[in-house]
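*Asks:* Show me how the following folds:
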Amino acid sequence: ITVPTLHYTAQHLILFFSPFFFLYTYFSTPPFSFSLSKMTFPSLLSFLLPLLLSFSSSFSTNSEGNALHALRTRLSDPTNVLQSWDPTLVNPCTWFHVTCDSNYRVVRLDLGNSNISGTLGPELGELKHLQYLELYRNNIGGRIPKELGNLGKLVSMDLYGNKFRGNIPKSFANLKSLRFLRLNDNKLTGSIPRELTTLPNLKVFDVSNNDLCGTIPVDGPFGIFPMDSFRNNRLNGPELKGLALYDFGC
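*Replies:* Modelled structure (predicted):
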């Protein structure tokens, strides 16, 4: 039996062990007195495992709630779209713009067109079960955190229509489930990472209206993307292998 990995703090340990101390005290006094040592391992495990799984789920969602609260502290929210993001709750599944699966794990973050500004931080990489990251048409700036490359289950990332600067992270090559990557209408610079040609499921890729340089990859999924996906940059057209470096002109 595989027990989920726990991300815990001292507070979590107290919460976790408290029920067991209570149960031991309760059942060791009359009329329920019995010795836990007399229980067989399978029966003890069947008794404790549901509690263990329940607490491990709480630890996971609490970690995700901490990550989202850290995001909130980085953002300016003049219209209070994040008002329901209460860090004192056990998990963030009741917050507006956050969607969880049946196991209370965050799978979707919908903050597109929300009039928020600020920056993103590495804590977003803690949302290990996230499938949809929708932050389009806001005023978010700064660099795109390389930690977003840790979101191995991500299907769609929409960061278009913001003020992101700097390079496209090479770590995005780790997002093997990614199908939609829209980074258009920002202030991104540098070349298009050749590592992205290894993404097997990428169907839509848009970096138009940035300040990218170099050439356009032609390997992997890049063979199907229309030229409109790359317009209004300083790109030198499709890569001509053997004739020029891919970052020619950067």
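*Asks:* got the buried residues for stretch 178-189?
*Replies:* Leu178, Arg179, Phe180, Leu181, Arg182, Leu183, Asn184, Asp185, Asn186, Leu188, Thr189 (16 or more other C-beta atoms under 10 Å). Every C-beta, even on glycine, is put in place using the N, C-alpha and C of the backbone.
*Asks:* Also stretch 76-86?
*Replies:* Neighbour-count burial for stretch 76-86 [16+ other C-beta under 10 Å]: Asp77, Val81, Leu82, Trp85.
*Asks:* again, but for stretch 129-147
*Replies:* Buried residues in stretch 129-147 (16+ other C-beta under 10 Å): 129-138, 140-141, 144-145, 147.
*Asks:* and what of stretch 157-169?
*Replies:* Quick answer for stretch 157-169 (16+ other C-beta under 10 Å): Met157, Asp158, Leu159, Tyr160, Gly161, Asn162, Phe164, Ile168, Pro169.
*Asks:* among these, which are in strands?
*Replies:* Met157, Asp158, Phe164 (DSSP state E).
*Asks:* how about the strands in the chain?
*Replies:* Using DSSP E, strands in the chain cover 75-76, 98-100, 106-110, 117-119, 132-134, 139-143, 156-158, 163-166, 180-182, 187-190, 204-206, 211-216, 234-238.
*Asks:* Show the average pLDDT along the second one.
*Replies:* Here the mean pLDDT over strand 98-100 is 98, rounded to a whole number.
*Asks:* now do the longest one
*Replies:* Strand 211-216 comes out with an average pLDDT of 96.
*Asks:* Outside of that strand itself, list whatever touches it.
*Replies:* With contact meaning C-beta atoms under 8 Å, 6 or more residues apart in numbering, strand 211-216 is reached by 168, 187-192, 222, 230, 233-240, 244-250.
*Asks:* Can you give me the buried ones in it?
*Replies:* Buried, per 16+ other C-beta under 10 Å, within strand 211-216: Leu212, Cys213, Gly214, Thr215, Ile216.
*Asks:* tell me, what residue is most central in the chain?
*Replies:* Leu127 (3.8 Å; C-alpha atoms, centre = their mean).
*Asks:* Please verify my assumption that that residue contacts Ala70.
*Replies:* No - look at Leu127 against Ala70 with C-beta atoms under 8 Å: they stay out of range, at 11.0 Å.
*Asks:* list residues touching both of these two?
*Replies:* Joint contacts of Leu127 and Ala70 (C-beta under 8 Å, 6+ apart) do not exist.
*Asks:* ok, for Arg234, nearest residue in space, not its chain neighbours?
*Replies:* Cys213 (4.5 Å; C-beta to C-beta, 6 or more residues apart in numbering).
*Asks:* How much space separates the one you found from Cys100?
*Replies:* Going from Cys213 to Cys100 by C-beta to C-beta, to the nearest Å gives 40 Å.
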